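Trainee: please find the sequence and the predicted model below.
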Amino acid sequence: MKKFITSIFILTLPFGVFAQENNTWQSALGNVSFATDSTWTVSGNGITQIWSDAVQTDYCSERTEFNGGSFRSGFNIDCRSNPDQKGDLFSWQAVYELKNELCPYPWRVPTKQDFIDLDVAFGGTGERMQQNWERSDKYLDGWRLTFGGSSTSFGSLSSQYARAFYWSQDGSKSLGNMFFAMVGGVVSPVEIACKSAGFSLRCVRNP
């Protein structure tokens, strides 16, 4: 089981955030890791959760910057190495079917309730809301979002630096649940999207 070396720092917000070291693990997609060497603990409003940075995989034999090039698979996974846009983009199918390998125990793929709980801990309502710039910046800093955008089932990329999408493991027959945020604008812990879309993935665990 992975062990973490912890270094602590506290944000000037009504919750604590703690950085930790990250390791690499094996999966059906080869080596998998978090996109940076940090995870963080959020405590507030009756919850304590440990979150990872975005997930990336070495499924691509050659990782390239996402400037028009992408790698497609039966699971619709877009691999990239651009350090400004953390982690790879996965279809909901890939996240759901490989959830125990992409987020191995004690980690798990977040549920929609995880996103709701964290939204409330950061001062949200648990529902879609329009933020003003000041509150949005502070709120989004808590999520540590990198606004990685999304990809289509054909591999085209959109909304980099403007929107953040993170899959949850919940979904209906044709749609998957996800967290959505837009720079300086709408934030929603629970939205739905086509399962073939490529979104980012983070892992969460209990302390």
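Mentor: Now that the structure is in, tell me what you want to look at. Numbering: from 1, shown residues only.
Trainee: who touches the spatially closest residue to A28 that is not a sequence neighbour in this structure?
Mentor: Distances taken as Cβ to Cβ, 6 or more residues apart in numbering place E101 nearest to A28, at 5.6 Å, with adjacent residues excluded. In this view, the C-beta of every residue, glycine as well, is placed from N, C-alpha and C. Contacts for E101 (Cβ atoms under 8 Å, 6 or more residues apart in numbering) come out as 27-29, 32.
Trainee: now swap in F147 and tell me
Mentor: So F147 contacts 85, 159-164, 181, 183 (Cβ under 8 Å, 6+ apart).
Trainee: mind doing that once more with 10 Å?
Mentor: 84-86, 140, 159-165, 181-183, 200 (Cβ atoms under 10 Å, 6 or more residues apart in numbering).
Trainee: and G30, what's its pLDDT?
Mentor: Looking at G30, its pLDDT is 84.
Trainee: just give the closest residue to it, not the sequence neighbours.
Mentor: For G30, ignoring the flanking residues on the chain, the nearest one in space by Cβ to Cβ, 6+ apart is D58 at 4.4 Å.
Trainee: is that neighbour in contact with I77, as I believe?
Mentor: No - counting by Cβ atoms under 10 Å, D58 sits too far from I77 to count as a contact (11.1 Å).
Trainee: where in this protein is the helix or strand with the lowest mean pLDDT?
Mentor: strand 6-13 (a mean of 27; mean pLDDT, DSSP states H and E).
Trainee: so how many other residues sit close to the residue nearest to G30?
Mentor: 16 (other Cβ atoms under 10 Å).
Trainee: so where does Q160 fall, helix or strand?
Mentor: In this structure, Q160 sits in neither a helix nor a strand according to DSSP states H and E.
Trainee: could you report the pLDDT at the residue nearest to it when sequence neighbours are not counted?
Mentor: Closest residue to Q160 apart from its sequence neighbours, by Cβ to Cβ, 6+ apart: G149 at 3.9 Å. Per-residue confidence at G149 stands at 91 (pLDDT).
Trainee: cheers, nothing more for now.
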